[in-house]
Every structure is written in structure tokens, then in C-alpha cells.
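K.L.:
here is a sequence with its predicted model. Questions after.
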Amino acid sequence: MTTKHTISVLVTNEVGVLSRIVDLFSGRGYNIESLTVAPTLDSIYSRVTIVTAGDEDVIEQICKQLNRLIPVIKVANLTIGEAIEYEIGILKVNVSDTNRAEFMNIVAQSGAKIMDVSDKTYIVKIDGNEKDVQTFAELVRPYGIKEFVRSGKVAITKGNQFINFKKTN
Amino acid sequence: MNKIMYSGAEILLKSLVKEGVKEIFGYPGGVVLPLYDALYMQDEIKHYLVRHEQAAVHAAEGYARVSGKAGVAIVTSGPGACNTITGLANAYYDGTPLILITGQVNSKLIGGDAFQEADIVGITRSCCKHNYLVKDVKDLARIVKEAFYIATTGKKGPVVIDIPVDIFNAKYEFNYPKNVELPGYNPTYKGHPLQIQKALNTLFEAKRPVIISGGGVVASNAHRELKELAEKLKIPVVHTLMGSGTYPDNLETSLGMMGMHGNYCANLTVCNADVIFAIGTRFSDRITGCLKRFARDAQVIHVDIDPCSISKNVKATIPIVGDIKNILAAMLQELSKKHHKINNELKDKWFREIEEWKKKIAIPQKTSDKLSAITVLQAIYDYTKKDEPVVSTEVGQHQMWCAQNFKFNHPRKLITSGGLGTMGFGFPAAMGACVANKNNYVLNIAGDGSIQMNIQELMTCVDYKFKVINCIINNGYLGMVRQWQEKIYNKHYSQTKISSPDFVKLAQSYGALGIRVEKEEEIIPALKKAIEFKGPVMIDFVCENFEMVYPWVLAGEPIDKVLLSREEV
């Protein structure tokens, strides 16, 4: 059964490491739904968060293949354990005088935030898990979404589990 | 105190010497001029000049496979580097340790589409274990150290070091690091003790066990442990193409090669086993046939150093990640501690069943008066076996006939392109084998198609007096493809009839010995002459055009559906 998985990959922050990861996915026919990458507090490392889909065997292979890359220090499938996942959506929405009040109400109810206002459009930010972002976008869709940008996912394990710098297979 | 400064080129060569490298293969060019100048000024490393960069990498691989050490090749940037891709992919697939040094344009010109520039780090990413672009001469020695470490540990493989010409010229002191620090690279060597225990218990309880021995056993040098374990547990052994020689073919319990062109008996044994002990094999499609119907009822114990190989194709019941030699030794140690009794009655019943399967073999066919390739290969084997030469092959029918008819009692004797299936591999690999083992001749079993893919290396062989005896099974066709066309594509021999030059005259024009063999009685005299000749030889065995390789399991079929002759459908 194909399911979505969030995989957190700790890598050494060096040239080409992202290409290695992306090449691995394309070369072996795996699919990337979203990908975020940024240095960790210690800038010699970077954290890559990949959302991918596949059945159990495919996900297992993806994790093993990622581990095989030399600059990859640690691979964790965050979907298996408990994890907090977070992403941001920024939308540019058509808002007119007639529906402004209604729109502001949706924004307030959804916990979204107005970032910028112009005479015809509002830029509004929504954050939360994937569903929160998706739901909000669906809610404001009738107003006319001019543009929708979305970050990939970042995720962190809950409680006392850590993705540390020691690689295990 | 003033430190002695060396150029990047000198640092590279000094690093190679530190790694014990004495012989390298290569081809010069513009951006590697400083390196070739440094080579000229020293005498610790001998450089073999090939005639094509692909051949340099195959030769390095042949060297590595025979010696067990990492092979090294040097090429220039752009076209030189691009020509190595097939060689790299071949070594990556078959897990051969090698280091490829590619020149690169001046680091200030990279990205500007300079003359002979190619993004070789980008191009090679998916066909090597790891690669580096050296950006600072200070990093060079460390990178070489890391490259050798990565290439020769874990699942072995090729590592590329791309070095811009200005780095070759830049000066720095030489300090070869003692250790490597690679937080992301920690291969597992020791097998999990509980898994080992579980595996042993399963093997004890097995009624119909079989061992599949793969190329990993060669890489890990574990053939002795394998033999001891198979004997102690009384388990029959089949091998993959890459596992040739890991278990002596002359033993009663050796069932030979399994797979698409494997023995009937080997395939049937695997299919009917209740426990499959797979050691150092990737379970490639050429081994498993139809995956869904492979070993459906068997428990699979899978030992491999590469976690990716485990449960990739065949789901392992008991996976053990680690070095094969270590794991088999640990199993033997466990065995010596306990007094397990082998149920001889059960085992004898299993071996009796196997004996029955052994009786079914491919039926030889003769469709014309021309030489049979099988007869030729059997004669070559019989005549040369006393010398135990290294045998390399190209890819195709001759490769399978060789694997079927030659008996290998030691590993590192059959050098063949297993995973990638590279035509043109055998000849340059044979040159590498000559360098690794200077006291014996090397047989390259070739087809008339394959030999023409790297035939230019005849000149290299003549230059260095490499004793490579090319046995060309000349059947006028790209035989393996033709065989599929005959069976599956209604005898539409689309582009598989292939012409060849006069190999005898060709050999002579290079300064090599050429012999043509058309009759059975000419085989032995030709071989005798070839072995006595002090240099490369081409023997053109003019063979039957339409001979087929049997046993044959058609692609996608289960491996117990073995065809033994043309008549079977």
C-alpha cells in the first residue's frame, strides 16, 4: 500500500550533496513530493526533509539507499514514530470591498495572518501541518487565488528521541 | 623550519605510493600534462598507456579483480573523462574497488564551457560509489586517502577524483593523513550475533537447504569459510556468475552456476529448497527469473555487506548485514561450540533428489560441419586447466559457454562483466589481469562482436608484451541477441549478422600472433603455439553460426522452467 512518508536526512553541508539525493530519487524512480534543506545550528551539517510516497518496501529501500550516500550521516523515517510536522503556505488572494469582511473572518478563524495588503489583493500566510495549509487554500479558493507558494515540510521528532550525528544502518 | 613544498601532481603521486600503488593505466591529455610530467620524473609508479580511456578503466578493474587491490586509472578532462563512464558503471555494478583520476579544466574556468570541459562529477554521480572535485591543493592528500578507503571498504566500488589543472600545479606540503574522518560512512562488518544464531538454527532445521554463493564471497575473500561451513552443515552450493570459483566446482556438493543459463540441477535445487542461504548476491533478475515465483515457500537467509542488497528483490527472512568472512567465521565458531547433529537421513534424501536433477543436462546439437563453440571451449579448458590461467570474457554467448564449461576451483579466476554486461570489457580486463599476475598467460574468451569493441588494445598488448590469448568464438552473429531473435522474434535477425576483419592478418599488422582454427584437430596445436608465443595472440575459431546457449530460462519465466534444447518450447 502506498503511503506518504516524511524522511529526515542529516547530511554534511558540502557542494553537491543535494544533487546526490535528488539523483538517487530520479535514478531509481522514486518520487519527491516536497523537499526542504537548510543548515543546522552547526553549519557543517544540513538537514534535508523529504516527503515521498511508496509502499513499505520502497520506503525501506529509499532509506537504505540514502544511507549509502557518503555525505549522509543519518536517515530517519519520521512517519514511523511521533513527529511534529510543519509547513507554510503563502497566498495572494483577490479581495474586493464586497467580500472583504467575510474574507477577514476566514483568515481570523483559520489562524492565518495577513502579510500585505494592496487595493485588489491580500497576501496571507497560513502555517501548520499539510492539512491545515490545504484546508485554508480550499476555503479561500472561491475568492480567486492569484498565486500560491508553499514551503516543503520540516519535521522534528517528539519527546526524547533525537536524530543525532551518529549514523547507523 | 621550512617545509618542503610539492606540486599537486607530486602530492597525488606520493599519495598513490602511500596507498601501495605500483601500476596504473591511463591516457594523457591537455589538463593532465602536469601530472604526466610528474610521472615522467619518478620511477615508483609504472604507467601503462592504453589506446582508449574506457580500456584504462576496464584494465584497472581487471587488475583489481585479480589482485584484490584497488585499480587506478588516469585520464584527461572532457572526452577522456566521458569515455570512462562505461568502465565506471561496470566496476560499480560488480563492486570492484578502483580509483579514477580525471583531469579538469582550470578551476577558474569551470562552468564557462571551456575547451574539453565536462561536469564529470555530475555525470558520474550515479555510476560510482563516490566522487570528488578537488578545489584546494590542501585537500588533495586527504581526498586520496578517503577515496581509497571508500573504494576498498564496505561494498567496494569505484571512486572518481576530478582534479583541475591549476590544482596539479599549486604547491603545498605533503602530509599523508593516517586516518579518515567520514561521519557518514561506517560500513557494518560484524554480523548481529542473534541473527547469526537464528540463521544457524534455521539451517539445522532445514530439510532441503541450499547455499547461493555470489560475488560478495570473492570480495570478502571468504571462500575457505564458505567451504568449511558447507561441509560441516552438509549443504549443497550453487553459485552465481560472479560467484564462480568461490566453491570448488570439482566437489560433489557443488551444483555449478544457477540462473538464466545455469544448470538445470542448480536451478531446480534452489526452487525446491526450503531454506536458501544467500551469501553476497544481489538476487539480480538473471538469477531469480520471475520474482513472484522465486523461492515462494523458502526461508531466505541473506548475508551481505550492503544493506541495500537485502530485501531489494527477494524478501529476506533472516537478514544479516556485515562482512561475509566475519559472519561465516562467527557461524563456524558457534558450530564448534555446540554439538548439533546433522540429520543425515534427511540430507541424504535431499542429495538423492538433487542427483536425479543432475542427470538432466543441455542436449548438444550440431547443425553444420563447422566447429561447435562448446567443443572449442571444452578443448580450451581441458588443455589449459593445468596452468590455471585467469580467464576473462566479453559478453554474450561465449561468456555463458565459458561459465558453463570451465570449472573454477579458485576465486579471482573468472573475470567477467556480470551486472552491466559490457561488451568490450574482457580484452582490456585481461591486460589488467596480466599486470596483476605476470607469471601466467591470460585467456580472453571473446565473441566476434565483442572483440571489436576494444580491439585497439591489441597495440597496448604488443607494446607491453602482455600474454593475452584472445579466443574468438567467431560465429558471424551477435549470437546472444540472435538467439533471442530466433526464439522470440520469429527469426528476424535484425542487425545481428556481423562481419569481421581477417583476425589473423589484423593480429599480424599489430605485431601479434594470429591463428585461424576451422577444424577440431587444429584446436590443440593452435593453443600450444599461442601459449609458447611471447606476446598477445588472436585465435579465430570459425564456428557454427546458429549454435544456442542451453540451458536457457527465458526472461520473465520462473527459473525452474529450464529449456535444454531447441526442440523444447
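P.N.:
Yep, that arrived. Residues are numbered from 1 along each chain as shown, chains lettered A, B, ... in the order given.
K.L.:
and chain A, which residues reach chain B?
P.N.:
A:11-12, A:15-16, A:19-20, A:23-24, A:27, A:57, A:60-61, A:64-65, A:67-73, A:165-167, A:169 (CB under 8 Å from any CB of the partner chain). Any C-beta I mention is one placed from the backbone N, CA and C, and that applies to glycine too.
K.L.:
mind checking which of the residues you listed are buried?
P.N.:
A:11-12, A:20, A:24, A:60-61, A:64-65, A:67-73, A:167 (16 or more other CB atoms under 10 Å in any protein chain shown).
K.L.:
tell me which of the residues you listed is nearest to residue A:107?
P.N.:
Comparing these against residue A:107 with CB to CB places residue A:11 closest, at 37.4 Å.
K.L.:
gap between that closest one and residue A:44?
P.N.:
10 Å (CB to CB, to the nearest Å).
K.L.:
helices of chain A, start to end?
P.N.:
A:17-27, A:56-68, A:100-110, A:130-140 (DSSP state H).
K.L.:
no wait, the stretch 1-150 of chain B
P.N.:
Assigned by DSSP state H, counting those that start in this stretch, the helices in the stretch 1-150 of chain B fall at B:8-18, B:33-40, B:53-67, B:79-82, B:85-94, B:120-124, B:140-152.
K.L.:
now the ones you listed as TSV including distance to chain A, mean neighbour count and mean pLDDT?
P.N.:
Listed next are the helices of the stretch 1-150 of chain B as TSV, based on distance: least, CB to the nearest CB, whole Å; neighbours: other CB atoms under 10 Å in any protein chain shown; pLDDT from 0 to 100:
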stretch	distance to chain A	mean neighbour count	mean pLDDT
helix B:8-18	19	22	98
helix B:33-40	23	19	98
helix B:53-67	20	30	98
helix B:79-82	16	21	98
helix B:85-94	12	25	98
helix B:120-124	6	21	97
helix B:140-152	6	22	98
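K.L.:
now those helices in CSV, with distance to residue A:80?
P.N.:
CSV is the format used below for the helices of the stretch 1-150 of chain B (distance: least, CB to CB, whole Å):
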stretch, distance to residue A:80
helix B:8-18, 43
helix B:33-40, 49
helix B:53-67, 39
helix B:79-82, 42
helix B:85-94, 31
helix B:120-124, 33
helix B:140-152, 29
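K.L.:
what is the burial count for the residue lying closest to residue B:76 once chain neighbours are set aside?
P.N.:
Leaving aside its chain neighbours, residue B:76 sits nearest to residue B:29 (2.4 Å; criterion: CB to CB, 6 or more residues apart in numbering or on different chains). If you count neighbours by other CB atoms under 10 Å in any protein chain shown, residue B:29 ends up with 21.
K.L.:
between the helices of chain A, which gets nearest to residue B:502?
P.N.:
helix A:17-27 (43.1 Å).
K.L.:
other residues contacting the closest one?
P.N.:
A:9, A:11, A:30-32, A:35, A:37, A:46, A:48, A:50, A:52, A:62, A:65-66, A:69, A:71-72, B:122, B:125-126 (CB atoms under 8 Å, 6 or more residues apart in numbering or on different chains).
K.L.:
can you do 6 Å?
P.N.:
Applying CB atoms under 6 Å, 6 or more residues apart in numbering or on different chains, the contact partners of helix A:17-27 are A:11, A:32, A:37, A:65, A:69, A:71, B:125, B:126.
K.L.:
ok, back up a step: packed most tightly, which of the helices of chain A would that be?
P.N.:
Of those, the one with the most neighbours on average (mean count of other CB atoms under 10 Å in any protein chain shown) is helix A:56-68, at a mean of 19.
K.L.:
from residue B:304, how far off is the closest residue to residue B:259 other than its chain neighbours?
P.N.:
In this structure, residue B:259 finds its nearest non-sequential neighbour in residue B:287, 4.6 Å apart by CB to CB, 6+ apart. Remark: distance between residue B:287 and residue B:304 (CB to CB) = 14 Å.
K.L.:
where do the strands sit along chain A?
P.N.:
Counting by DSSP state E, chain A has strands at residues A:3-12, A:32-39, A:45-54, A:72-77, A:83-94, A:113-117, A:121-128, A:145-150, A:154-157.
K.L.:
dump those strands to TSV, plus mean pLDDT and distance to residue B:515.
P.N.:
Formatted as TSV, the strands of chain A follow (pLDDT from 0 to 100; distance: least, CB to CB, whole Å):
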stretch	mean pLDDT	distance to residue B:515
strand A:3-12	95	57
strand A:32-39	95	57
strand A:45-54	96	56
strand A:72-77	94	54
strand A:83-94	94	70
strand A:113-117	95	83
strand A:121-128	96	78
strand A:145-150	96	71
strand A:154-157	91	69
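K.L.:
out of those strands, flag the one nearest residue B:496.
P.N.:
Taking these one by one with CB to CB, strand A:45-54 is closest: 38.9 Å.
K.L.:
how about the most centrally placed residue in chain A: what's its closest non-neighbour residue?
P.N.:
Of all residues in chain A, the one closest to the mean position by CA atoms, centre = their mean is residue A:153, 1.3 Å from it. Nearest residue to residue A:153, sequence neighbours excluded (CB to CB, 6+ apart): residue A:87, at 4.8 Å.
K.L.:
the strands in the stretch 251-400 of chain B, which residues?
P.N.:
B:254-257, B:275-279, B:299-304, B:318-321, B:390-393 (DSSP state E, counting those that start in this stretch).
K.L.:
which positions in the third one come out as buried?
P.N.:
Read it as strand B:299-304. In strand B:299-304, counting by 16+ other CB under 10 Å, buried: B:299, B:300, B:301, B:302, B:303, B:304.
K.L.:
so which of the residues you listed comes closest to chain A?
P.N.:
For these, the residue nearest chain A by CB to the nearest CB is residue B:304; the value is 11.2 Å.
K.L.:
okay, now the residue lying closest to that closest one once chain neighbours are set aside: neighbour count?
P.N.:
Of all residues not flanking residue B:304 in the chain, residue B:310 sits nearest, at 5.5 Å (CB to CB, 6+ apart). Residue B:310 is flanked by 24 other residues according to other CB under 10 Å.
K.L.:
give me the domain ranges for chain A.
P.N.:
By the record's domain assignment, chain A is partitioned as A:3-80, A:85-154 (automatic domain parsing).
K.L.:
for residue B:410, find the nearest of these.
P.N.:
Using CB to CB, the nearest of those to residue B:410 is domain A:3-80, at 30.6 Å.
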